[in-house]
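Q: next input, structure requested:
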Amino acid sequence: MDSKVTWNFQKYLLNEEGVLEKVIDPKTQPDDPEVIAWITK
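A: Numbers count the residues shown, from 1 in each chain. Take a look at the predicted model:
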């Protein structure tokens, strides 16, 4: 995936193998339901 970093709090979600699965906007809080759901899936 290509991803332009727009701010230093951009989040990159990697799976267990270290493969990039999702890029989350910098304005999204770390405890946002989308982030929590991805972690706990």
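
Q: what residues sit buried inside the strand or helix carrying residue 21?
A: Using DSSP states H and E, residue 21 sits in strand 20-24. By neighbour count on 16 or more other C-beta atoms under 10 Å, the buried set for strand 20-24 is residue 24. Where C-beta positions appear, they are placed from N, C-alpha and C, glycine not excepted.

Q: what does the average pLDDT come to for it?
A: Across strand 20-24, the average pLDDT comes to 89.

Q: for stretch 33-41, same thing?
A: pLDDT averaged over stretch 33-41 gives 89.

Q: quick check, pLDDT for the residue located most distally from the centre of the chain.
A: The C-alpha centroid of the chain is most remote from residue 17, which lies 15.2 Å away (C-alpha atoms, centre = their mean). Per-residue pLDDT puts residue 17 at 95.

Q: can you map out the helices along the chain?
A: Secondary structure of the chain (DSSP state H): helices at 33-40.

Q: just how off-centre is stretch 16-30 within its chain?
A: 1 Å (C-alpha atoms, centre = their mean, to the nearest Å).

Q: endpoints of that stretch, how far apart?
A: This stretch, stretch 16-30, spans 19 Å end to end (C-alpha to C-alpha, to the nearest Å).
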